[in-house]
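Visitor: With the sequence up front, the predicted model follows.
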Amino acid sequence: MTLSLPNLPSVGLETKSLRARFGQNKTDCIATGDTIDLSLKMPVLGSQDTEYIISQPGQIYQKLGFHIIETADRFVGALVQEVDFPLEQAAYEIYLNFLELTKDWNLFRVWNYIPYINEEFCGLENYRSFCKGRSLAFEAFYGEEFNFKMPAASAVGINDNKLVLYFIAGKERATNIENPEQVPAFNYPKQYGPRSPSFARGTVVLQDGKHIGYLSGTASIKSHESVTLRNISEQFHTTLDNMSLVFERMGLLHERMSFHGTMPDPAKYDRRFKVYIRHLEDAEYIQNLFAQSIFASEDDHILYLRSDICRFELDLEIEAIIAER
């Protein structure tokens, strides 16, 4: 399923596509003809292995290391870069280029895949090193009051020495959303690293009178602490509760029930989910539980992937794009 987006007048322009393909033997990004193919060395746990980011009339080109598709109202792109450790300097330089590249657009959603995310180099976890570089780049580009510029995002692990970033931006105004039961990630206390993560819990866009909600990577965190860690079922239900809190703030839910995993109605919305699972032995259980909990239909697009999570004690993370029909 491809998320429905408005079309650019097609005179003289051919349809261009950006797709992310998981379960590949290597991580790279190449443009061939009318398609940008992002290949990711991340194991697939379910039946689906491809995420289509965009398919619209537009132009493909390269700039500042990114493969770009530009249409009348969308600006999307992807970068794969081999990096050295620690990650701070690479993250800083990549994000400075990224912010320069997108400065005339509104950011909707960013995906980050971090090499060996929970491993340490020079005494600092790779995720925390990445967060430091990313935060410093936001501050350098926008100044000290940069928090309002940060969109929905996720950062999970990839067992490769390549850092991956891909994104969606557009012309419409974007509203960033926070979870009332979580401390905003950009305000985390110092115990989580020298610089806080740079993202909002979600971003919502009104397009042609209809809502599109971009949910950030969501896990079993309340306030700023990892909670309900005794088993994967408890983590799962806390994660779904956090998802529904953000969906409610986006205007995509109207009768949320705490810890019942209420999701946007599949009859009213196109729904795309990515479920990251740390341990292979949890995969079948989570797939069955998730499908039941969201009342999954054949129209839903759900990717199940084996990945390490940004906090070593967490075993599950879920993200989503929800588009009103």
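Guide: Okay, I see it.
Visitor: ok, residue 119 - contacts?
Guide: 125, 126 (CB atoms under 8 Å, 6 or more residues apart in numbering). All C-beta atoms are positioned from the backbone trio N, CA, C, and that covers glycine.
Visitor: okay but residue 109 is in contact with residue 320, surely?
Guide: No: contact criterion CB atoms under 8 Å: residue 109 and residue 320 do not qualify, at 10.4 Å.
Visitor: Need the residues touching each of the two.
Guide: Shared contacts of residue 109 and residue 320, defined by CB under 8 Å, 6+ apart, are found at residue 214.
Visitor: Dig out what the residue lying closest to residue 111 once chain neighbours are set aside forms beta bridges with.
Guide: With CB to CB, 6 or more residues apart in numbering as the criterion, residue 111 has its nearest non-adjacent residue at 5.1 Å, and that residue is residue 166. Counting by DSSP bridges, residue 166 is bridged to residue 78, residue 111.
Visitor: do the same with residue 44
Guide: Under the criterion used here (DSSP bridges), residue 44 is bridged to residue 305.
Visitor: mind listing what it touches?
Guide: Contacts of residue 44 by CB under 8 Å, 6+ apart are 22, 23, 303, 304, 305, 306.
Visitor: What is the burial count for the fifth one?
Guide: Neighbourhood size, residue 305 [other CB atoms under 10 Å]: 23.
Visitor: Contact partners for it?
Guide: 22, 42, 43, 44, 45, 274, 275, 276, 277.
Visitor: now do the third one
Guide: Neighbour list for residue 303: 22, 44, 46, 48, 49, 51, 273, 274, 275 [criterion: CB under 8 Å, 6+ apart].
Visitor: Let me know the helix or strand that it is in.
Guide: Taking DSSP states H and E as the definition, one finds residue 303 inside strand 301-306.
Visitor: what mean pLDDT does that strand have?
Guide: If you average the pLDDT over strand 301-306, you get 98.
Visitor: what is the orientation angle of the next helix or strand after that strand with strand 301-306?
Guide: As assigned by DSSP H and E, the chain's next helix or strand after strand 301-306 is strand 316-324. Orientation check (axes from the mean of the first three to the mean of the last three CA atoms, to 10 degrees): strand 316-324 against strand 301-306 gives 170 degrees.
Visitor: Please identify the buried residues of strand 316-324?
Guide: 316, 317, 318, 319, 320, 321, 322, 323, 324 (16 or more other CB atoms under 10 Å).
Visitor: same thing with stretch 45-54?
Guide: Buried-residue list, stretch 45-54, by 16+ other CB under 10 Å: 45, 46, 48, 49, 51, 53, 54.
Visitor: Okay, and which of these map to strands?
Guide: The strands, defined by DSSP state E, take in 51, 53, 54 from the buried residues of stretch 45-54.
Visitor: Tell me where the stretch 51-200 of the chain has helices.
Guide: 88-101, 126-142 (DSSP state H, counting those that start in this stretch).
Visitor: Next up, the contacts around residue 139.
Guide: With CB under 8 Å, 6+ apart, residue 139 has these contacts: residue 146.
Visitor: Apologies, that question was intended for residue 320.
Guide: 213, 214, 215, 243, 271, 272, 273, 274.
Visitor: what about dumping the CA coordinates of stretch 59-66 to PDB?
Guide: The C-alpha trace of stretch 59-66 is given here as PDB (Å, rounded to 0.1, in the frame of the first residue of the first chain):
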ATOM      1  CA  GLN A  59      12.300  15.000 -10.300                       C
ATOM      2  CA  ILE A  60      15.200  12.900  -9.000                       C
ATOM      3  CA  TYR A  61      18.600  14.400  -8.300                       C
ATOM      4  CA  GLN A  62      21.500  14.300  -5.800                       C
ATOM      5  CA  LYS A  63      22.600  17.000  -3.400                       C
ATOM      6  CA  LEU A  64      24.800  17.100  -0.300                       C
ATOM      7  CA  GLY A  65      25.100  13.300  -0.400                       C
ATOM      8  CA  PHE A  66      21.300  12.700  -0.500                       C
END
